[in-house]
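Q: take this sequence and fold it.
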Amino acid sequence: LNMYVGWNCRCWFKPNIDTRSWSQTATLEKRKRYLLCEIVFEKPQYRQHIDVGSVNRNVRNAISQMHGDFGIGCCSLRLEVTYLNAYTGIVLIRCQKDFYRILSTTLLFITFLETKNQKFPCFFNTLHVAGTIRSCQKFLIQYNRRQLVLLLRDCKTKKERESVQTSLLQCSLKVWNEDQPYHGYEDMEGADTD
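A: Sure thing, here's the model as predicted:
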């Protein structure tokens, strides 16, 4: 079978034949986007009242208010809150690749989260948009390093700096020798340039 089909024997073109199998086409349709967001509450103690279900419900309600039936129809197929850290307010939201802009524009207009008939004023700060959870994790590690460097720079006294460094040591995965002094501030500045 000749791959080139001619019209009038002067204009040759290659026909648009989709050679992908059904399974390859199905995996292409399942492409997702992950939005890594930070929920910033008016009062930090409000964070303890949020859960995955309430964030998911509030995001869906906001999409239906902002974009109507079309928006909720497009986004509801794969919309899911995959990760929530109530202590830091970090949220990872998954949606379809084609409609992540609808979700990202909706997040700008959320002014409160409602859970158990209580409204907690907040806003969503979108930190990163990626195609995989792994790339969101990498970004979050870098983001937290930068935040820790800023926290150490804001320390006014040596005692404050030492307390932040000891708290960092307690949550660190590395095992440090107690005789060896820890200079975490210099290490984190070097790691920030990677």
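
Q: okay, CA-based contacts and neighbour counts for the rest of this
A: OK.

Q: ok, which stretches of the protein are helices?
A: 22-29, 52-75, 100-107, 133-153, 158-170, 184-191 (DSSP state H).

Q: let's have the ones you listed in JSON lines, adding mean pLDDT.
A: Listed next are the helices of the chain as JSON lines, based on pLDDT from 0 to 100:
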{"stretch": "helix 22-29", "mean pLDDT": "51"}
{"stretch": "helix 52-75", "mean pLDDT": "92"}
{"stretch": "helix 100-107", "mean pLDDT": "93"}
{"stretch": "helix 133-153", "mean pLDDT": "88"}
{"stretch": "helix 158-170", "mean pLDDT": "80"}
{"stretch": "helix 184-191", "mean pLDDT": "41"}
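
Q: find the centremost residue of the chain, please.
A: Leu36 (1.2 Å; CA atoms, centre = their mean).

Q: ok, back up a step: wait, which of the helices of the chain is closest to Asn117?
A: Closest to Asn117 of these is helix 52-75 (CA to CA; 10.7 Å).

Q: hmm, back to that, list the contacts of the residue nearest to the centre of the chain.
A: Leu36 makes contact with 90-93, 126-129, 136, according to CA atoms under 8 Å, 6 or more residues apart in numbering.

Q: give me the buried subset of those residues.
A: 90-93, 126, 128-129, 136 (16 or more other CA atoms under 10 Å).

Q: closest to Phe70 among these?
A: Proximity of the buried ones among the contacts of Leu36 to Phe70 (CA to CA) peaks at Ile93, which lies at 19.4 Å.

Q: quick revisit: among the buried ones among the contacts of Leu36, name the ones in strands.
A: Counting by DSSP state E, these place 90-93, 126, 128-129 in strands.
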